[in-house]
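*Asks:* next come a sequence and a model predicted from it.
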Amino acid sequence: MELQSFRNLWKTDHNYFIMLAVVGFLPWILSGIIGWIVAGYVIGSNTLPAFQWLFFTTTLFTMALGLTPTTLVATLAGFLFGWEGFTCVVLSYLGAAFLGRLLGIWLNKIFTGSLNFSNPRAEMLFSKLETKPFWLLFFCRLSPVLTFALTNAALGRMRIKMGVYLSATLLGMLPRTALVFFSGTQAAVWSEAYRSGEDPTVKIIYFTIFVLLSFGGIAFIVRKTLGKMLVAESLNSNPDKIYDN
């Protein structure tokens, strides 16, 4: 899309982008604050009865609401419970994805007043993307930049079957979740776990790989869809081309 197209999209659907900005940045802002609150209260409470059940039930809701980043939850779970807690992390992610999906749809209805774009080209793009949403959602979840809550809100306008939504979420988040969870299991103290327990160089490499793979995949899917849209628009405006050659 050219610059003018983006301007037109902002004019017609600016509420959508304001919503994404608020939802997307909230976990980044809160992660540092919550990280150290966790150190003082949650870790000190790990001897309480049913603590593990309480931890994963609570984080299921906080992740769905965008109050805690998923990487923070995975790191903390690895630190507190070891590999015995990995299955619970996966289940809490799926629960958060389910609730986050419903919340994303609700936010679009309440905040923007619609599940559709006023801009016809944006509406057509989303309608095309939602026909095969698995890989788009997979690459969104793989990204360490696109937060869990941001993706839920951004794709709240797409009609995606819940089974596809949950499976793509699980497979997309599993690689980096396993990495930060493992870092948490290896940490001796929480301050080390909170820094992911990794050599900075290795951390940068992982981050770069996930960013390149995720945004490369998203760009490929969107460009391919836009290409099909342009071809369809060209044929509709010039039906005689169908009979050329």
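*Replies:* Good, I have the coordinates.
*Asks:* quick one, helices of the chain?
*Replies:* Along the chain, the stretches classed as helices by DSSP state H are 3-40, 51-64, 70-81, 86-107, 120-129, 134-142, 148-154, 162-186, 190-194, 200-237.
*Asks:* and the ones you listed as JSON lines, adding distance to residue 114, mean pLDDT and mean neighbour count?
*Replies:* Quick note: C-beta positions are derived from backbone N, CA and C, even for glycine. Shown next, in JSON lines, are the helices of the chain (distance: least, Cβ to Cβ, whole Å; pLDDT from 0 to 100; neighbours: other Cβ atoms under 10 Å):
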{"stretch": "helix 3-40", "distance to residue 114": "9", "mean pLDDT": "74", "mean neighbour count": "15"}
{"stretch": "helix 51-64", "distance to residue 114": "22", "mean pLDDT": "88", "mean neighbour count": "18"}
{"stretch": "helix 70-81", "distance to residue 114": "28", "mean pLDDT": "84", "mean neighbour count": "25"}
{"stretch": "helix 86-107", "distance to residue 114": "11", "mean pLDDT": "94", "mean neighbour count": "19"}
{"stretch": "helix 120-129", "distance to residue 114": "10", "mean pLDDT": "87", "mean neighbour count": "16"}
{"stretch": "helix 134-142", "distance to residue 114": "21", "mean pLDDT": "93", "mean neighbour count": "22"}
{"stretch": "helix 148-154", "distance to residue 114": "14", "mean pLDDT": "90", "mean neighbour count": "25"}
{"stretch": "helix 162-186", "distance to residue 114": "20", "mean pLDDT": "89", "mean neighbour count": "19"}
{"stretch": "helix 190-194", "distance to residue 114": "40", "mean pLDDT": "57", "mean neighbour count": "18"}
{"stretch": "helix 200-237", "distance to residue 114": "21", "mean pLDDT": "80", "mean neighbour count": "13"}
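*Asks:* how close does residue 158 sit to residue 68?
*Replies:* Noted for residue 158: a distance of 25 Å to residue 68, by Cβ to Cβ, to the nearest Å.
*Asks:* more crowded one of the two?
*Replies:* Ranked by neighbour count (other Cβ atoms under 10 Å), residue 158 and residue 68 place residue 68 first, with 24 against 19.
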